[in-house]
Every structure is written in structure tokens, then in C-alpha cells.
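1. The sequence and its predicted three-dimensional model are supplied below.
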Amino acid sequence: MGDSSVFKDSSENSSNKSKPSRPRTYSSRSGKKHPFPWFGLDIGGTLVKLIYFEPLSLSPDEEKEEKDSLKSIRKYLTSNIAYGSTGVRDTRLELKNVTFQGYTGNLHFIRFPSEEMDKFVTMAKEKQFATLIDLFHATGGGAFKFEQKFLTEIGINLNKLDELDCVIKGIHFVQHKCGLNGHFECFSISNPLSDGPIEKAPFDFRDPYPYMVANIGSGVSIMLVRSQEDYARVSGTSLGGGTFLGLCCLLTGCETYDEAIDLATKGDSTKVDKLVSDIYGEGGYAKFGLPGNVVASSFGKMNSEEDRKSATKEDLAKATLVTLTNNIGSLVFSCAQREGVERVVFAGNFLRINPISMRLLSYAMDFWSQGSQKALFLEHEGYFGAVGALLDNYYFYKVP
Ligand SMILES: Nc1ncnc2c1ncn2[C@@H]1O[C@H](COP(=O)(O)OP(=O)(O)OP(=O)(O)O)[C@@H](O)[C@H]1O
Ligand SMILES: CC(C)(CO)[C@@H](O)C(=O)NCCC(=O)O
């Protein structure tokens, strides 16, 4: 995330004297709100997501109480859109005037690569974060992996929260309490086969149960949600967003996700994949409902030297994206069919700037289910786990 000196309060120069040697105990049942600043942290396998609640309705007394250092944090986070060389604030997703635990404020959505966590810890130690925050509400595998480091190096406790609990809570909170500034958070795609811009059809999420969530992060978790309090992880696959990015880097030499998506956008996967029509001819395999344009064998043309020579890196990127997306779609479809569920919400950062996969998933769910299943998407893609963690700043929170 890079460094900045704004976090340090000039009056707080002593080193980590107050650093606790073992985790303090926090009672989430105390009903007391956690003091500002309010963050929700999700340390995932690829990306760290950080939500910051910027209170706008502090009373004059609260304003007075707010330390200068907290004011600096607020100013630093809300006036920048990039932090160091890799931290990004997704301003497009900012939620304005959200009412949360009796305060009105803005929610800011920030991300940086998980491989920067060690640098983040070093910066937090140098800037003496522990003088400002004693507890981070954190989820994702990294909340477990980094717990000791946070405690011993920075002096901050982590309130570790289950990542899938947080995703589900976060989805419900954003759906019910916010939406995207008055717009619907949840949508389906009404033109999956068109080449033009995606047309979003708003989806009313007031009574979505039962529904399925496919959270496509580094790996994929698939959950069946029966009610606000009742969900189960019913399946998963290690062939997820991390696989797409890893294979794409290997096959094309690209170095970032944005680059991989950019290449895929310009590619033609049919130069790489073997289609049913390549095997059966244009008529396809009609007896079992497999039209000619369906992929029969992902990367199936790459055993031919001639095809390998003519496939560009753009084609390889597109084929990688299509392969991963189809595989995820097919698993999710089977799960939804087995559970008798009609709605599947796709979340996770694999869908960031990725209309190709959104279209494919929409089309595939509709095609395989003969119109009975619907693919739904969420504007805040991969941020729900962090939102769920943010909600733990106040125990009495209850989704309406
Ligand atoms: N800027 C980015 N850098 C890296 N990957 C990105 C980026 N934007 C989108 N992605 C995609 O999103 C995936 C990570 O998604 P997400 O943040 O939801 O998961 P995670 O929390 O890191 O992983 P997991 O939940 O499996 O621990 C990456 O594997 C990649 O496919
Ligand atoms: C391990 C997690 C839950 C970490 O977020 C995720 O990457 C995942 O669901 N992977 C798939 C694991 C599997 O079910 O095979």
C-alpha cells in the first residue's frame, strides 16, 4: 500500500510501549460501539479489501474528541484515490450518506494486493497505528495468518471473523441498507449475446430466498442461502480467479489482472478451443443438444503445431478466461439444480472489469437450465467480506 506520514500524530511519539504481549479479550456482546475509526478488513488470497466508514454526523462533542491523527486518517483516505504504488480506492463504488449504527457517513472501498501485507505491517508499525486503533475487525484467510504479526509487530488485535459469514452479511447489508446510491445493487444482464455494452436489468432483492452465492476470488466458494441467518457452503473449486490470472501470466507473459483482461478482450478463444462444430461439423451434436458453437474441448486445438503458431497471446488469454468461466458456471449450475435454486448471485473480484465472464455466466445459466435459472451480479463485486467485517463494529447490528 506504500507509505505515508499522515497516520502519525505528532504528539504520539513514544514507541510501542503500550503494545500488548497477548491478545486482549473483547466482548462482542457488550453492546458498546467500537470507537472510531471504523474499518472492515478482508485479507484474501490475492487482494486485501479495506472498507472505511467516514462519519459525517459527529456531534460537536465527538468532533472535539476526535484526535488530530484520526482527522489525518480521514483526510488521507478520503482525499486520495491511490495509496503508494498499489493501493486503490474504488471511487465508483463509494456509498454516500449511509446510515450505520446511528451515524450517517460515506463508505469507502479500498484494495491492495495481499503480497503487500508485509509492507503494510511495516508501515503500520512505523506510523504507530496502535496509538489510534486497538482492534481491526478482520476476515479472510489472512486474518488468521497475520493475527500474530498484527499483535506482536503493530500492537493491534484482530477480531477474526469467518469469511463466508462476512460475505453473506455484507451482501444483505448492502442490498437492504444501501444499494448503489439509490440504484439497485443487484442486476441481471439482459443482452448476454450482444457485443455492445452490458445492459443491466435491476433485480429486486427483497425476497431472494433460497438463493446461491458463487464467490469467485482466488478460489471459488459456493453457498446455499436459505434465509438471512441460515446458509451452508455446498461446494467449491480451486479453479478460480487465481487460476485465470496465474495461467494467463504463464501463457501470455502479462503481469497484472487488468492486462490479462485487456488481452482477453481482444482475443478469439475459438482459435484455441476445439468446438463441437470442429468435431461434428456445423450441425453440432443435435441428439444431445450440443450446438456447433459450444466448446467441446478447452484448449483442444493446442495439440496442433499449426494452430499453436497462429494463436496469439490475446487468443490464449481469452481462451483461459472462457475455460475458467465455463468450468465455474457448469459447477454452479449443477449445484443450483441439485438444490432446486433458481437464483445465483455471482460475487468476488474475478468479475471486476470482466464483462466477458458476466455475459458467459448469464448465457450459460440460462442455456443449461432452459431459462429456469438466473445469473445475478452485484455492483460491489469482491467487497462484501470486508463490509461484513465492518458491521462487527457494533454488536447490535441486525439486518432489517
Ligand atoms: N487488481 C487485481 N489484482 C489481482 N487480481 C485481481 C485484481 N482485480 C481483480 N482480480 C481478480 O480477482 C481475484 C481475487 O478476488 P477476491 O479479491 O474476491 O479474492 P480473494 O479474497 O483475494 O481470494 P480468496 O477469497 O480465495 O482468499 C483474482 O484472483 C483475480 O482473478
Ligand atoms: C480457501 C478459500 C475459502 C479462501 O478464500 C477459497 O479460496 C476457496 O473456496 N477455494 C476453493 C477450495 C475448494 O473448495 O476446493
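-> Structure's in. What do you need? Ligands and ions are numbered 1, 2, ... in the order given.
2. is the longest helix seen in the chain anywhere near ligand 1?
-> Across the chain, the longest stretch assigned as helix under DSSP state H is helix 313-339. No. Judged by C-beta under 6 Å from any ligand atom, helix 313-339 stays clear of ligand 1, getting no closer than 8.7 Å. For every residue, glycine as well, the C-beta is placed using N, CA and C.
3. Lowest-scoring secondary structure element of the chain by mean pLDDT?
-> helix 60-65 (a mean of 81; mean pLDDT, DSSP states H and E).
4. mind listing what's buried in the next helix or strand after that one?
-> Of the helices and strands lying after helix 60-65 in sequence (DSSP states H and E), the nearest is helix 68-79. Within helix 68-79, the residues that count as buried by 16 or more other C-beta atoms under 10 Å are Ser69, Leu70, Ser72, Ile73, Arg74, Leu77.
5. roughly how far apart are the third one and Ser227?
-> Spelled out, it's Ser72. 43 Å (C-beta to C-beta, to the nearest Å).
6. ok, now which ones touch the closest residue to Ser297 other than its chain neighbours?
-> Once flanking residues are discounted, Ser297 sits nearest to Lys274: 4.1 Å by C-beta to C-beta, 6 or more residues apart in numbering. Lys274 is in contact with Val295, Ala296, Ser297, Gly300, Lys301, counting by C-beta atoms under 8 Å, 6 or more residues apart in numbering.
7. Write out the residues of this protein neighbouring ligand 1.
-> Proximity of the chain to ligand 1 is confined to 44-47, 113, 140-141, 217-219, 241-242, 244-245, 257, 348-350, 352, 382 under the rule C-beta under 6 Å from any ligand atom.
8. Please state the offset of stretch 377-392 from the chain centre?
-> Here stretch 377-392 shows a centroid-to-chain-centroid distance of 7 Å under the convention C-alpha atoms, centre = their mean, to the nearest Å.
9. Packing partners of the least confident helix or strand of the chain?
-> Taking 3 or more C-beta pairs under 8 Å, 6 or more residues apart in numbering; DSSP states H and E as contact, there are no helices or strands that helix 60-65 lies on.
10. if we can go back for a sec, out of the contacts of Lys274, which touch ligand 2?
-> Taking C-beta under 6 Å from any ligand atom as the test, ligand 2 is in contact with none of the contacts of Lys274.
11. which of the residues you listed lies closest to Ala336?
-> Val295 (20.5 Å; C-beta to C-beta).
12. Could you give me the PyMOL syntax to select whichever of the contacts of Lys274 are buried?
-> Of the contacts of Lys274, the buried ones go into a single PyMOL selection, burial set by 16+ other C-beta under 10 Å:
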select buried, resi 295+296+300+301
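13. Tell me who's in contact with the residue nearest to Gln175 when sequence neighbours are not counted.
-> For Gln175, ignoring the flanking residues on the chain, the nearest one in space by C-beta to C-beta, 6+ apart is Phe205 at 4.5 Å. For Phe205, the contacting residues are Gln175, His176, Phe184, Glu185, Cys186, taking C-beta under 8 Å, 6+ apart as the criterion.
14. So which of the residues you listed are in strands?
-> Among these, the members falling in strands (DSSP state E) are Cys186.
15. pLDDT for the contacts of Phe205 - can I get that in CSV?
-> CSV is the format used below for the contacts of Phe205 (pLDDT from 0 to 100):
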residue, pLDDT
Gln175, 85
His176, 77
Phe184, 86
Glu185, 92
Cys186, 94
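16. Neighbour count and distance to Leu95 for the contacts of Phe205 - can I get that in a markdown table?
-> Output for the contacts of Phe205, formatted as a markdown table (neighbours: other C-beta atoms under 10 Å; distance: C-beta to C-beta, whole Å):
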| residue | neighbour count | distance to Leu95 |
| --- | --- | --- |
| Gln175 | 22 | 12 |
| His176 | 14 | 13 |
| Phe184 | 16 | 13 |
| Glu185 | 22 | 10 |
| Cys186 | 22 | 15 |
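17. State the pair within the contacts of Phe205 that is farthest apart.
-> In terms of C-beta to C-beta, the contacts of Phe205 reach their longest pairwise distance at His176 and Phe184, which sit 12.1 Å apart.
18. Gly348 - nearest residue in space that isn't next to it in sequence?
-> Spatial nearest neighbour of Gly348, excluding adjacent residues (C-beta to C-beta, 6+ apart): Ile216 at 3.7 Å.
19. what's the neighbour count on Pro355?
-> For Pro355, the count of nearby residues is 15 (other C-beta atoms under 10 Å).
20. For it, which residues are in contact?
-> With contacts taken as C-beta under 8 Å, 6+ apart, Pro355 has the following neighbours: Pro197, Ile198.
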